[in-house]
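>>> got a structure for you, letters missing:
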């Protein structure tokens with residue numbers, strides 16, 4: 001399976017109360033689980049940098065990854081940036 005990193009930046013207008021974010025996150029996760037069954041979530045992190053959330057996911061279907069990112073943008077009121085990731089040792093072995 002290929003590994004992808006989805007970087008998300010939440011819109012300041014996404015919610016007015018921080019507790020609303022939990023409901024949004026649950027709705028996004030449920031929608032992705034239903035709509036993108038070939039996407040396996042490995043880890044999610046909240047960050048205090050340029051991006052608010054970093055998700056590490058795996059799938060053999062890049063279209064499912066693109067769909068998951070679209071769901072994050074639409075239902076999570078976010079902008080996203082998605083990139084493929086190669087494990088470090090695999091990368092070194094490839095060179």
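Here it is on my side, so go on. The model shown is predicted, which means the values in this text are computed figures rather than measured ones.

>>> only C-alpha atoms for contact and neighbour calcs from this point on.
Fine.

>>> Now for residue 6, how many residues are close by?
With neighbours defined by other Cα atoms under 10 Å, the count for residue 6 comes to 21.

>>> Helix, strand, or coil at it?
With DSSP: H, G, I helix; E, B strand; the rest coil as the basis, the three-state label of residue 6 is strand.

>>> And it, how close does it get to residue 20?
Note on residue 6: its distance to residue 20, by Cα to Cα, to the nearest Å, is 22 Å.

>>> now the helices: where do they sit in the chain?
Counting by DSSP state H, one finds helices in the chain at the ranges 18-35, 62-75, 88-94.

>>> residues contacting the closest residue to residue 10 other than its chain neighbours?
Here the nearest residue to residue 10 in space, its sequence neighbours aside, is residue 78; by Cα to Cα, 6 or more residues apart in numbering that works out to 4.3 Å. Residues counted as contacts of residue 78 (Cα atoms under 8 Å, 6 or more residues apart in numbering) are 8, 9, 10, 11, 14, 72.

>>> Just the buried residues of those.
Buried positions within these, assessed by neighbour count (16 or more other Cα atoms under 10 Å), are 8, 9, 10, 72.

>>> hmm, back to that, can I get the helices of the chain in TSV with mean pLDDT?
Formatted as TSV, the entries for the helices of the chain read as follows, by pLDDT from 0 to 100:
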stretch	mean pLDDT
helix 18-35	92
helix 62-75	96
helix 88-94	95
